[in-house]
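K.L.:
take a look and give me a structure for this.
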Amino acid sequence: MTYQEKKSIVSLISAIIIFGSYCAYMYPQFPKGGLESTETFRYWGSFVLILTLVSIVAHIIISIIFNIVFRITTGEKEPTFADELDKLIDLKAFRNSFFVFILGFLLAMGSLAIDQPSQVMFVILIASGFISDVTGSITKLYHYRKGV
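P.N.:
I've put the predicted structure just below:
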């Protein structure tokens, strides 16, 4: 397995673990008030902001740990350059990830248009962000395995 494949697998697993553990942590803190209360909006706003920060920091730490473990176990350094294939795969992964997120965004706005509670919009936005992250990692793994 190449460095890029291993990195894609680690990225996929870490995204699932980070999102799952954060949701498990935040679920008990859900406010018990009405569906449209100020406390509910504060909860969802902090949920999104903190999830973004935690995800970024965790991905950076996991990437550093992965590179250290990779170097210790294989004795190789991480590639210092990206060739045309790497750039093409990154672009395809970004395209697919972006498409999934935009689709989720449109669904979230559509839920507001058909008079669903605002919480439905937040759940759709958060889920589409997670699914877009997973889609990007799976796309990279697929293209590194099967080719472009």
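K.L.:
quick one, phi/psi of residue 49?
P.N.:
Note on residue 49: backbone dihedrals following degrees, to the nearest 10 are phi -60, psi -50.
K.L.:
try residue 81
P.N.:
Torsion angles at residue 81 (phi, psi; degrees, to the nearest 10) stand at phi -140, psi 160.
K.L.:
shouldn't residue 111 be in contact with residue 120?
P.N.:
Yes. With contacts defined as CB atoms under 8 Å, residue 111 counts as touching residue 120 at a distance of 4.6 Å. For the C-beta atoms, the positions are set from N, CA and C on the backbone; glycine is no exception.
K.L.:
those two: which has the busier surroundings?
P.N.:
Set side by side, residue 111 and residue 120 show more neighbours around residue 111, with 19 against 16, by other CB atoms under 10 Å.
K.L.:
for the helix or strand encompassing the more buried one, buried residues please.
P.N.:
Assigned by DSSP states H and E, residue 111 belongs to helix 84-113. When neighbours are counted by 16 or more other CB atoms under 10 Å, the buried residues of helix 84-113 are found to be 89, 90, 92, 93, 96, 97, 100, 101, 104, 105, 108, 111.
K.L.:
gap between that helix and the chain center?
P.N.:
Between the centre of helix 84-113 and the centre of its chain there are 11 Å (CA atoms, centre = their mean, to the nearest Å).
K.L.:
run through the neighbouring helices and strands of it.
P.N.:
Under the contact definition 3 or more CB pairs under 8 Å, 6 or more residues apart in numbering; DSSP states H and E, helix 84-113 sits against helix 118-146.
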